[in-house]
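Engineer: coordinates for the following, if possible.
(one chain, ligands or ions: 2)
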Amino acid sequence: MQTTLASFIKDRPEGAEAAALLRACVHCGFCQATCPTYQLLGDELDSPRGRIHLIKQVLEGDIPTARTQLHLDRCLTCRACETACPSGVQYGRLLEIGRQVVIERQPRPWAQRVLRRVLAAWLTGPLFAPSVAVGRVLRPLLPRALAVSLPPRVAAGAVPNTGQHIRTVLLLGGCVQPALAPRITAATVRVLHALNIRTVTPPQAGCCGAIHQHLDAPAAAQADARRNIDAWWPHVQAGIEAIIVNTSGCGTQLRDYGLLLRDDPVYAVRAARVSALVRDLSELVAPQVAVLRERVPGLAGQRVACHSPCSLQHAQRLGGVVEQLLTGLGVVLVPVAEPALCCGAAGTYHLLQPVLSQSLRERKLAALTQGQPQRIVSANLGCLLQLAPDAPVPIGHWIELVDQHLS
Ligand code: SF4
Ligand code: SF4
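Structural biologist: Numbering: from 1, shown residues only. Ligands and ions are numbered 1, 2, ... in the order given. You can find the predicted model right below:
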C-alpha cells in the first residue's frame, strides 16, 4: 500500500518507518480469520486489515476520532495476524506507531489518562506487593470479580545455592510476578540447578517496560529498559550465556530493547546486545530434555493441555517449543482447538477491555478443557492469571509442573 505521509509526520523517522511497513500490506485479508476481535465483533475496523487502513488514513492527515482510537485500543497486540500474513507485514510495530500518533493527534480524555497513569504506577511500583498481601487478607470481603483475579498465596519453596555451576544465566525477576506467583521463579531456579545451570537475578533490574509500553508511556518504558541494561551490563561484559525470561510477554519486550533504544547514543549498542542475549526459558531447557527426563519420571503419562501464549508463538515465533519439551518429558498433550487464538489477557487489556477479554477467556478455556486434561500449563503469567479463575483443573506455569516432579 502506497502512503503519502502528511506534513506533520513526513520528516519524522517513525513516519518513514510506518510508510515502509504499510507498503508490505497488499490488503489480501488472509489475516482476518485469525484475528480474535474480528471473530468476536465482525467489524472490518476491528480486524488487522481495517486497523492498518485506519493507521494509513491518520498518517495521510485524517484527524483521528474517538472511534479510531477505540478500534486501535481493541487490538490485543496478539500478533496472530503477523503469523498469518503471507507478505510479512510487521503489524505489531505498525500498531505501536499508529497508536502513538493517534494519541498525539487525539489526546485521550483526562479520566482515561489518569487511569492509565495510576495503573502503571501501581503495577510497577512499591505499593503493588503490599496491596496484593492486603487483598489476600480481605479476599472474603472483596467483590467476586476482584477476589477471583487474585491468585492464592503459594509458597515459593526453598531455592538452592546454584553458585557452583559452570554455566550461568541472568534471570529476569520482573515486577508483578514476585508478588503474585513467586513459585514460578523459584521453580525455574530449581530446575536449572538440576541441569547444572546457575541463575543470577540482579536486584536492580525490575519491570521489563511492557506495562508502561501498553499504557501510553513509551518514555517510561525506555527508562525501564535503561535501568535493566545497567543492572545486567557487568554480567554481559563478563560473558553471561543468556538472559532468561520465564514470562513470554516480558521476553517479547526485552527482545525489542534494541529497537526501543536504537536512537539512544549511549544505550543503542548495549540494548542491541541485551536483546540478542534474550532467551525464553523453554529455549534453554529444550536441549536438555534427555537429561531432565531422568529426573522427572512421575511426569510420564500426565494428560496436560498446553496454552501457547501469543507473545511466545506469534511475537517470538517459538510456537511448539514448550509442547515438544513436555512431550519429550513423557507428558501426553491433549488436543487444543484454535491454538493460535489469544486468551484475552494481553498485558493490561483484560483491565481496560473486560468484556472482550472475558469472551476470549471463556472460548480459550473451552478449547483447553475439551480433551479433559488433568492440568493446564502455559508460559506467561498474564495468561495464567487470566485463565485461572474459571479453570476447572489446576493451572500453572510448565516449569512448575516440571519442578513438582523433580526427584
Ligand atoms: S496484513 Fe498481511 S494478510 Fe493482512 S491484509 Fe495485509 S498483506 Fe494481507
Ligand atoms: S494483533 Fe491480534 S487483535 Fe490485533 S489485529 Fe492482529 S490478530 Fe487482531
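
Engineer: and the worst-scoring helix or strand of the chain on mean pLDDT, what does it pack against?
Structural biologist: Lowest by mean pLDDT, DSSP states H and E among the helices and strands of the chain is helix 144-148, with a mean of 71. Contact partners of helix 144-148 among helices and strands, from 3 or more CB pairs under 8 Å, 6 or more residues apart in numbering; DSSP states H and E: none. C-beta coordinates here come from the backbone N, C-alpha and C atoms, glycine included.

Engineer: ok, residues contacting that helix?
Structural biologist: 135, 139, 140, 389, 390 (CB atoms under 8 Å, 6 or more residues apart in numbering).

Engineer: try it again with 7 Å
Structural biologist: With contact meaning CB atoms under 7 Å, 6 or more residues apart in numbering, helix 144-148 is reached by 139, 389.

Engineer: so how far is ligand 2 from residue 233?
Structural biologist: According to CB to the nearest ligand atom, to the nearest Å, residue 233 and ligand 2 sit 33 Å apart.

Engineer: could you shift the numbering so residue one becomes 58, and keep it that way?
Structural biologist: Yes, from this point I'll number from 58; that puts the last item at residue 290.

Engineer: residues contacting the residue in the stretch 208-357 of the chain that ligand 1 sits nearest to?
Structural biologist: Closest contact between the stretch 208-357 of the chain and ligand 1, by CB to the nearest ligand atom, is at residue 309 (19.0 Å). By CB under 7 Å, 6+ apart, the contact list for residue 309 reads 368, 372, 373.

Engineer: which one of these sits closest to residue 77?
Structural biologist: residue 372 (19.9 Å; CB to CB).

Engineer: thinking again about what came up before, okay, the contacts of residue 309 in CSV with secondary structure, distance to residue 384 and neighbour count next?
Structural biologist: Converted to CSV, the contacts of residue 309 look like this (DSSP: H, G, I helix; E, B strand; the rest coil; distance: CB to CB, whole Å; neighbours: other CB atoms under 10 Å):
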residue, secondary structure, distance to residue 384, neighbour count
368, helix, 21, 31
372, helix, 23, 23
373, coil, 20, 24
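
Engineer: still on that earlier bit, the helix or strand following the least confident helix or strand of the chain pairs with which strands, and in what direction?
Structural biologist: Downstream of helix 201-205, the first helix or strand assigned by DSSP states H and E is strand 224-228. Strand 224-228 pairs in its sheet with strand 254-257 (parallel), strand 300-302 (parallel), by DSSP bridges.

Engineer: name the SS class of the residue nearest to the spatial centre of the chain, please.
Structural biologist: Centroid-nearest residue in the chain, with CA atoms, centre = their mean: residue 306, separated by 1.6 Å. Following DSSP: H, G, I helix; E, B strand; the rest coil, residue 306 is assigned to helix.

Engineer: grab the nearest non-local neighbour of it.
Structural biologist: residue 368 (4.5 Å; CB to CB, 6 or more residues apart in numbering).

Engineer: quick one: contacts for that neighbour?
Structural biologist: 305, 306, 308, 309, 437 are the contacts of residue 368 under CB under 7 Å, 6+ apart.

Engineer: in JSON lines, list those along with pLDDT.
Structural biologist: JSON lines is the format used below for these (pLDDT from 0 to 100):
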{"residue": "305", "pLDDT": "97"}
{"residue": "306", "pLDDT": "97"}
{"residue": "308", "pLDDT": "97"}
{"residue": "309", "pLDDT": "97"}
{"residue": "437", "pLDDT": "97"}
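
Engineer: show me where the stretch 308-457 of the chain has its strands.
Structural biologist: Counting by DSSP state E, counting those that start in this stretch, the stretch 308-457 of the chain has these strands, from start to end: 335-337, 360-363, 389-390, 432-435, 452-454.

Engineer: got the residues of the protein near ligand 2?
Structural biologist: Selection of the chain residues close to ligand 2 by CB under 6 Å from any ligand atom yields 91-94, 105, 108, 132-138, 148.

Engineer: the residues you listed also near ligand 1: which ones?
Structural biologist: Near ligand 1, judged by CB under 6 Å from any ligand atom, the entries from these are 105, 138, 148.

Engineer: mind putting those into a markdown table with pLDDT?
Structural biologist: Below are those laid out as a markdown table (pLDDT from 0 to 100):
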| residue | pLDDT |
| --- | --- |
| 105 | 98 |
| 138 | 98 |
| 148 | 97 |
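
Engineer: please identify which of those residues is nearest to residue 361.
Structural biologist: Nearest to residue 361, judged by CB to CB, of these is residue 138 at 28.1 Å.

Engineer: list the contacts of whichever strand or helix holds that closest one.
Structural biologist: Applying DSSP H and E as the criterion places residue 138 in helix 137-141. When contacts are defined by CB under 7 Å, 6+ apart, helix 137-141 is touched by residues 87-88, 91-92, 105, 146-149, 367, 371, 397, 399.

Engineer: adding neighbour count and distance to residue 62, write the residues you listed out as CSV.
Structural biologist: CSV is the format used below for the contacts of helix 137-141 (neighbours: other CB atoms under 10 Å; distance: CB to CB, whole Å):
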residue, neighbour count, distance to residue 62
87, 14, 26
88, 23, 24
91, 23, 29
92, 25, 26
105, 27, 21
146, 24, 18
147, 16, 18
148, 29, 19
149, 18, 20
367, 30, 30
371, 25, 28
397, 16, 33
399, 29, 31
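
Engineer: in the protein, which helix is the longest?
Structural biologist: In the chain, taking DSSP state H as the definition, the longest helix is helix 275-294.

Engineer: closest residue of the stretch 358-464 of the chain to ligand 2?
Structural biologist: residue 399 (6.4 Å).

Engineer: wait, that residue touches residue 93, no?
Structural biologist: Yes - between residue 399 and residue 93 there is a contact under CB atoms under 7 Å: 4.9 Å.

Engineer: okay, and the common contacts of the two?
Structural biologist: Common neighbours of residue 399 and residue 93 (CB under 7 Å, 6+ apart) are 133, 135, 417.
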